[in-house]
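Asks: sequence first, predicted model second:
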Amino acid sequence: MSKMHIKMTVNGKSVETLAEPRELLIHVLRERLDITGPHIGCETSHCGACTVDMNGKSVKSCTVFAAQANGADVTTIEGLGTPDNLHVLQEMFKEHHGLQCGFCTPGMITRAHRFLQENPNPTEEEVRFGMAGNLCRCTGYQNIVKAIMAAASEMNAAREAAQ
């Protein structure tokens, strides 16, 4: 099968690679671009460990063909913050113990980032519903919800202060 030329913006940087038309975005990110934040979990879209933001929507990169991402703007956990300058969601997950093993965390935070753009002042119930497509096998979710609620509060306070 012949490979196709894929161009996209990943975490603010223009990238180009070759990929088979049937190759999944998660594999291109991890194996060709060395962006290993999104994890391969179930490969059936159930767990959400591979969640990335693509063109302003949360997508599970294990169900998106690389060809579908051609020309897209993709953000992974690596594009949200750095170890020296954490995104408020990363900081709140840390502060509120919203992770244990950390396997689901990149997908959780990436989804939470988009969710809080869609709903900047959610209720706890709305957070639980908005995050329902991302599974965690070890935290029990309570601290994840606390972290997202705290991040929403911080982000709203920062927005108000900027106005």
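Replies: Okay, I see it.
Asks: nearest residue to His46 other than its sequence neighbours?
Replies: In space, and not counting its chain neighbours, His46 is closest to Leu135: 6.9 Å by Cβ to Cβ, 6 or more residues apart in numbering. C-beta coordinates here come from the backbone N, C-alpha and C atoms, glycine included.
Asks: counting neighbours, what do you get for that neighbour?
Replies: Residue crowding around Leu135 was assessed by other Cβ atoms under 10 Å; the count is 17.
Asks: contacts only, for it.
Replies: Gly41, His46, Cys47, Gly48, Ala49, Cys104 (Cβ atoms under 8 Å, 6 or more residues apart in numbering).
Asks: now Gln90
Replies: Leu80, Gly81, Ile109.
Asks: may I see the buried residues of the host helix or strand of it?
Replies: Element membership for Gln90 (DSSP states H and E) is helix 88-95. Under the neighbour-count criterion of 16 or more other Cβ atoms under 10 Å, helix 88-95 has Val88, Leu89, Gln90, Glu91, Met92, Phe93, Glu95 buried.
Asks: what do you get for stretch 20-37?
Replies: For stretch 20-37, by 16+ other Cβ under 10 Å, it's Glu23, Leu24, Leu25, Ile26, His27, Val28, Leu29, Arg30, Leu33, Ile35, Gly37.
Asks: centroid-nearest residue for the protein?
Replies: The chain has Thr110 as the residue nearest its centroid, 2.3 Å off, counting by Cα atoms, centre = their mean.
Asks: pretty sure that one sits in a helix.
Replies: Yes. Looking at Thr110 with DSSP: H, G, I helix; E, B strand; the rest coil, it is inside a helix.
Asks: you'd agree it is up against Val74?
Replies: No. Taking Cβ atoms under 8 Å as the definition, Thr110 is not a contact partner of Val74, at 10.3 Å.
Asks: which neighbours do those two have in common?
Replies: By Cβ under 8 Å, 6+ apart, the residues touching both Thr110 and Val74 are Val52, Asp53.
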